[in-house]
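Undergrad: Can you look at this prediction? I've put the sequence above it.
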Amino acid sequence: MLTIDGSAGEGGGQILRTSLALSLVTQTPVRITRVRAGRAKPGLARQHLTAVMAAARVGCAEVTGAALGSTEVTFRPGAIVPGVHQFSVGTAGSATLVLQTVLPALLSAEGGSQLLLEGGTHNPMAPPFDFLERAFLPLLGRMGPAVMATLERYGFYPAGQGRVRITVEPAPLGHLSLLERGEIQERRVVARVANLPAHIAAREAEAAAKVLGWEPRCFHEEVLTDVAGPGNVVTVEIASEHVTEVFSSIGERGVRAEVVGERVAREAQAYVEAEVPVGEHLADQLLLPMALGGGGAFRTVAPSSHTTTHAALLEQVLGVKTRFEQIGEKAWHVEVKGTSAG
């Protein structure tokens, strides 16, 4: 059994999720110790426990330590079961992080799958649905598999109750090279509010516009309906010739609307100025499918501790090395060999 230290690197939930995903794909039993030791409240929170149980169901696994607050989990995978699965976090915990845990296994399954995921769809510290749909899944499609995502209902903290439907058509993961962004073709900023005053969205859009300096037609405001509880998100989408990137900022109690709009605009502006195709969060998401498939290379901004921790875990479990090389003041080249690369 392979032992993985959950406190390594940034010490968060991604070590747990990636360890479970790799265990399923490689059929390797794992023991994950000191789960989320780098967080203020270590151990399994609700969304992490849901991820463990989802992985166990998809992979017919034997699990110990699957309880709230648990800091050690053992996971013995069995056969991967494609088909129809429904997973509910039961809180506003991220549904997209649960998907992150089971998707790699379903990409290698012998049949297609349909998933219904319930929980948070737009959470701090997690990939929001817009990023998943517009940035990550299209690139996964270039590598071979077809994964379609539909947002049926928004889910914000603390009410949750969002719903996402996923269709997975598996295929071998091929090589991906993403070295140039190409010309920017479209810019779009959307400030959305649910069960909150509409002026919040207007202030956020105005704050983002001051930072970005784009034409007025690029900025939009939306009032969401059929949402449980209040919520707010500002999304910046930059569609270029070779890639689409999505940046988000989630509104929080006690944080002024202007701050929410400014911070996502500054992240997007830094991406534009770096003149690379891949942003910080997309870089992190691409490592796993590249490592499991034909590898590849991309150019990005400075890698985060999340990304370097992820790379170290992939090397430990798969023996796949990720090479990071700074090629400019704000640009980095990242290369992943891949387990099926020639």
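TA: Received, thanks.
Undergrad: if I pick the most centrally placed residue in the chain, what's in contact with it?
TA: For the chain, residue 127 is the residue whose C-alpha lies nearest the centre (Cα atoms, centre = their mean; 3.7 Å). Going by Cβ atoms under 8 Å, 6 or more residues apart in numbering, residue 127 touches 94, 96-97, 100, 136, 281, 285. In this view, the C-beta of every residue, glycine as well, is placed from N, C-alpha and C.
Undergrad: Show me where the stretch 51-200 of the chain has its strands.
TA: 62-64, 73-76, 83-88, 113-119, 146-153, 162-169, 176-178, 184-194 (DSSP state E, counting those that start in this stretch).
Undergrad: strands paired with the fourth one, and their directions?
TA: In the sheet containing strand 113-119, the strands it pairs with under DSSP bridges are strand 83-88 (parallel), strand 162-169 (antiparallel).
Undergrad: The fifth one too?
TA: Taking DSSP bridges as the criterion, strand 146-153 sits next to strand 162-169 (antiparallel) in its sheet.
Undergrad: Likewise for the first one?
TA: For strand 62-64, the pairing partners within the sheet under DSSP bridges are strand 73-76 (antiparallel).
Undergrad: what's in contact with the strand it pairs with?
TA: Residues contacting strand 73-76 (Cβ under 8 Å, 6+ apart): 1, 16, 19-20, 23, 29-32, 35, 44, 52, 55-56, 61-66.
Undergrad: Restricted to buried residues, select the residues you listed in ChimeraX.
TA: To isolate the buried ones among the contacts of strand 73-76 in ChimeraX, judged by 16 or more other Cβ atoms under 10 Å, type:
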select :16,19,20,23,30,31,32,35,44,52,55,56,61,63,65,66
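Undergrad: Narrow the contacts of strand 73-76 to those in helices?
TA: Of the contacts of strand 73-76, the ones assigned to helices by DSSP state H are 16, 19-20, 23, 52, 55-56.
Undergrad: which one among the residues you listed gets closest to residue 208?
TA: Taking Cβ to Cβ as the measure, residue 208 lies nearest residue 16 of the ones in helices among the contacts of strand 73-76, at 33.8 Å.
Undergrad: I'd say the closest one and residue 36 touch.
TA: Yes: using Cβ atoms under 8 Å as the test, residue 16 is close enough to residue 36 to be in contact (7.0 Å).
Undergrad: okay, and the common contacts of the two?
TA: Residues touching both residue 16 and residue 36 (Cβ under 8 Å, 6+ apart): 6, 44, 48.
Undergrad: follow-up on the earlier one: name the stretch among the strands paired with strand 113-119 that sits most buried.
TA: Most buried of these, by mean neighbour count (mean count of other Cβ atoms under 10 Å): strand 162-169, with a mean of 20.
Undergrad: Residue 139 and residue 188: what is the separation?
TA: Taking Cβ to Cβ, to the nearest Å as the measure, residue 139 falls 19 Å from residue 188.
Undergrad: With neighbour numbers in mind, choose between these two.
TA: Between residue 139 and residue 188, residue 139 has the larger neighbour count (other Cβ atoms under 10 Å), namely 22 against 16.
Undergrad: wait, doesn't the more buried one sit right on residue 177?
TA: No: between residue 139 and residue 177 there is no contact under Cβ under 8 Å: 11.0 Å.
Undergrad: before we move on, back to that, got the confidence number for the residue nearest to the centre of the chain?
TA: With respect to pLDDT, residue 127 has a value of 92.
Undergrad: For residue 283, grab the count of nearby residues.
TA: 26.
Undergrad: Report all helices and strands that the helix or strand in which it is found contacts.
TA: Secondary structure from DSSP states H and E places residue 283 in helix 280-292. Contacts defined by 3 or more Cβ pairs under 8 Å, 6 or more residues apart in numbering; DSSP states H and E place helix 280-292 against helix 13-26, helix 95-107, helix 137-143, strand 176-178, strand 296-300, helix 305-318, strand 332-336.
Undergrad: most tightly surrounded among those?
TA: helix 95-107 (a mean of 26).
Undergrad: Determine the angle, from 0 to 180 degrees, between that helix and strand 83-88.
TA: Between the axes of helix 95-107 and strand 83-88, defined by axes from the mean of the first three to the mean of the last three Cα atoms, to 10 degrees, the angle is 160 degrees.
Undergrad: low-scoring stretches of the stretch 201-342 of the chain, by residue?
TA: Along the stretch 201-342 of the chain, segments meeting pLDDT under 70 span 341-342.
Undergrad: Show me the domain layout of this protein.
TA: Domain assignment for the chain, taken from automatic domain parsing, gives 2-171, 184-273, 275-342.
Undergrad: wouldn't residue 51 be in contact with residue 97 here?
TA: Yes: at 6.4 Å, residue 51 counts as touching residue 97 under the criterion of Cβ under 8 Å.
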